[in-house]
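> Got a predicted structure here, sequence first:
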Amino acid sequence: MPKHRSFWLQEVAGDAPDALPLRGTAEADVAIIGGGYVGLWTAIRIKEQAPGCDVAVLEQDICGGGASGRNGGFVLSWMSKLSSLARLFGIGEALRIARRSEAAIGDIADFCQRHQIDADFRKGGWLWTATSSAQLEAWESVVRHCEENGVAGFQRLAPEEVARRAGSRAHRAGVYIEDAAVVQPAALARGLRRVALELGVRIFEHTTVRKFTRSHPVTLQTAEGTLVAEKLVIAMNAWSASIRELSRAIAVISSDIIATAPAPAQLAQIGWHKDLSITDSQTMVDYYRITRDSRVVFGKGGWTIAYGGRIGAEFDRHARRAAEVTADFRRYYPQLAGVPISHDWSGPVDRTPDSLPVLGYLGGRKNICYGIGWSGNGVGPSVIGGRILASLALEQNDEWSWHPLVGRSVVGFPPEPLRFLGAHLVRAAVASKERAEIEERKPSALAVQLAKLAPAGLEDKK
Ligand SMILES: Cc1cc2nc3c(=O)[nH]c(=O)nc-3n(C[C@H](O)[C@H](O)[C@H](O)COP(=O)(O)OP(=O)(O)OC[C@H]3O[C@@H](n4cnc5c(N)ncnc54)[C@H](O)[C@@H]3O)c2cc1C
């Protein structure tokens with residue numbers, strides 16, 4: 001049966017023939033596992049700096065077939081993680097990291113323009129909202145942190161203005177962040193693939209890396225071939241949970257999305273500007289934006305949980321989750337009740353305990369590096385990931401190889417099966433708490449306590 005694809009991947013289907021799988025024995029200077037944003041940005045940055053470097057990308061599916069071709073297409077910075085960054089690195093470094101992540105948004109726009117990638121990049125800002133009284137002022141600590149440090153990132157809006165911009169009174173308060181954009185995510189991934197090929201990167205699709213040696217050089221084993229490489233870059237997102245050394249750094253959860261049929265007239269009527277992306281402040285965050293052809297794409301984070309790195313078909317599509325996401329969409333936009341749902345899909349998210357990525361050398365080996373844990377905010381930050389991983393692979397001594405996120409230690413999740421069982425318990429508590437809050441009921445004390453064990457969210461809240 002053909003793999004279930006996102007609306008975005010369906011839209012760009014047939015843009016280029018699939019690359020052939022790796023067959024037989026080959027060599028490369030740098031092997032990259034994963035043809036998503038992180039792997040492709042890394043390959044491109046390596047080639048830009050060292051055109052003679054022989055780079056091979058090995059992708060089990062097609063490039064963009066993972067999270068990069070399925071996401072919501074929100075291009076956000078790490079400014080909403082300023083409190084976490086300040087806790088880890090001090091406010092000065094935190095501001096530098098957050099500002100660089102804002103610049104990454106512009107980098108994507110420039111790159112797309114320079115290489116004529118039609119990824120529908122639109123910079124229209126992000127509205128971070130509250131849709132229940134429990135969510136009110138969720139952004140307060142971050143906004144205050146910014147204000148105290150002279151960062152004018154967040155605009156406080158009157159509640160009526162939030163409802164007006166979001167096109168629905170379900171939005172009771174919020175702040176607006178100008179430095180945010182939306183893209184057609186699969187078009188961006190496929191554009192990166194094209195540029196990588198033009199720069200001479202060798203791409204092998206339908207090529208699953210089954211194992212690799214922790215040695216120098218590294219030998220990678222695939223179904224039909226073997227690749228021997230001086231350096232290895234692991235850009236496998238959620239699938240890296242199957243790698244022993246990385247398995248406890250991330251928990252794999254799904255994010256589930258629906259898309260409506262085009263509804264230009266109805267959207268114009270409710271007044272939601274086409275370029276504006278919106279989230280609520282739930283832990284199982286609802287996120288929504290409008291496509292080029294006036295569909296609403298509405299997603300919800302945090303539902304299906306993977307055991308270890310086992311990411312099955314339920315991470316491609318899940319009917320029950322789609323129904324739950326649809327219910328949230330209908331609740332927020334009753335005025336769009338007549339607009340049918342045309343697509344639904346899912347994808348895996350590599351969540352770290354603090355929702356910031358981890359990058360470094362695998363087991364301290366200087367010839368094997370990794371960049372994982374984008375935690376549902378990877379479209380913009382993967383630009384930084386690509387720069388860091390390219391510098392590590394090329395053994396550069398620069399601002400990227402010395403980036404504070406490199407080699408940081410994270411308090412890991414518990415091992416399996418404890419993590420799987422614990423995650424189900426915490427998820428049930430979060431779901432029960434947030435359902436009660438949306439319905440303005442008091443959640444149970446147990447649900448409130450257990451929900452506190454959930455990993456930090458996409459943003460630092462309260
Ligand atoms: C439904 C959903 C919505 C999201 N919404 C947003 C959003 O709006 N904004 C945002 O910033 N982020 C969002 N994210 C997160 C974002 O998509 C990711 O952080 C980003 O795509 C990470 O890029 P990546 O290259 O690490 O991962 P991927 O694109 O998943 O790339 C990893 C690749 O590795 C391949 N691979 C894995 N194992 C192997 C192997 N053994 N051999 C060969 N290849 C292998 C996979 O097939 C995959 O293509 C969302 C994620 C999901 C799932």
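Perfect, I can see it now.
> CA only for contacts and neighbour counts going forward, please
Noted.
> From what I see, residue 178 and residue 153 are in contact.
Yes. Between residue 178 and residue 153 a contact is recorded at 7.1 Å, counting by CA atoms under 8 Å.
> Wasn't residue 395 part of a strand?
No. Going by DSSP: H, G, I helix; E, B strand; the rest coil, the assignment for residue 395 is coil, not a strand.
> Torsion angles phi and psi at it?
phi 60, psi 40 (degrees, to the nearest 10).
> try residue 372
phi -140, psi 180.
> Is the closest residue to residue 424 other than its chain neighbours bridged to anything, and to what?
Using CA to CA, 6 or more residues apart in numbering and skipping residues adjacent in sequence, the residue nearest residue 424 is residue 305, 7.4 Å away. In this entry, residue 305 is beta-bridged to residue 253, by DSSP bridges.
> From residue 375, how far out is residue 305?
14 Å (CA to CA, to the nearest Å).
> Equivalent analysis for residue 141, please.
20 Å.
> who's more crowded, the two?
residue 375 (26 against 16; other CA atoms under 10 Å).
> I'd assumed residue 358 was in contact with the more buried one.
No. Contact criterion CA under 8 Å: residue 375 and residue 358 do not qualify, at 10.2 Å.
> what's the overlap in contacts for the two?
Here residue 375 and residue 358 share the contacting residues residue 352, scored by CA atoms under 8 Å, 6 or more residues apart in numbering.
> Regarding this structure, what is its longest helix?
helix 91-114 (DSSP state H).
> Identify the residues contacting it?
75-79, 81-82, 85-86, 117-119, 121, 179-181, 188, 191, 380-381, 383-384.
> Same check on stretch 307-327?
So stretch 307-327 is contacted by 3-5, 238-243, 247, 251-252, 254, 256-258, 298-300, 303-304, 341, 344-348, 416-417, 420 (CA under 8 Å, 6+ apart).
> Then stretch 362-371?
Counting by CA under 8 Å, 6+ apart, residues outside stretch 362-371 touching it are 38, 214, 216-217, 230-235, 237, 245, 357-361, 385, 389, 392-393.
> Out of those, name the ones that lie in helices.
38, 385, 389, 392-393.
> Closest one of those to residue 289?
Using CA to CA, residue 38 comes nearest to residue 289 of those, at 23.2 Å.
> For that closest one, give me its contacts.
235, 371, 382-383, 385-386.
> rerun at 10 Å
Residues counted as contacts of residue 38 (CA atoms under 10 Å, 6 or more residues apart in numbering) are 32, 68, 189, 233-237, 370-372, 374, 378-379, 381-387, 389.
> hmm, back to that, out of the contacts of stretch 307-327, which sit inside strands?
Among those, DSSP state E puts 251-252, 254, 256-258, 298-300, 303-304, 341, 344-348 in strands.
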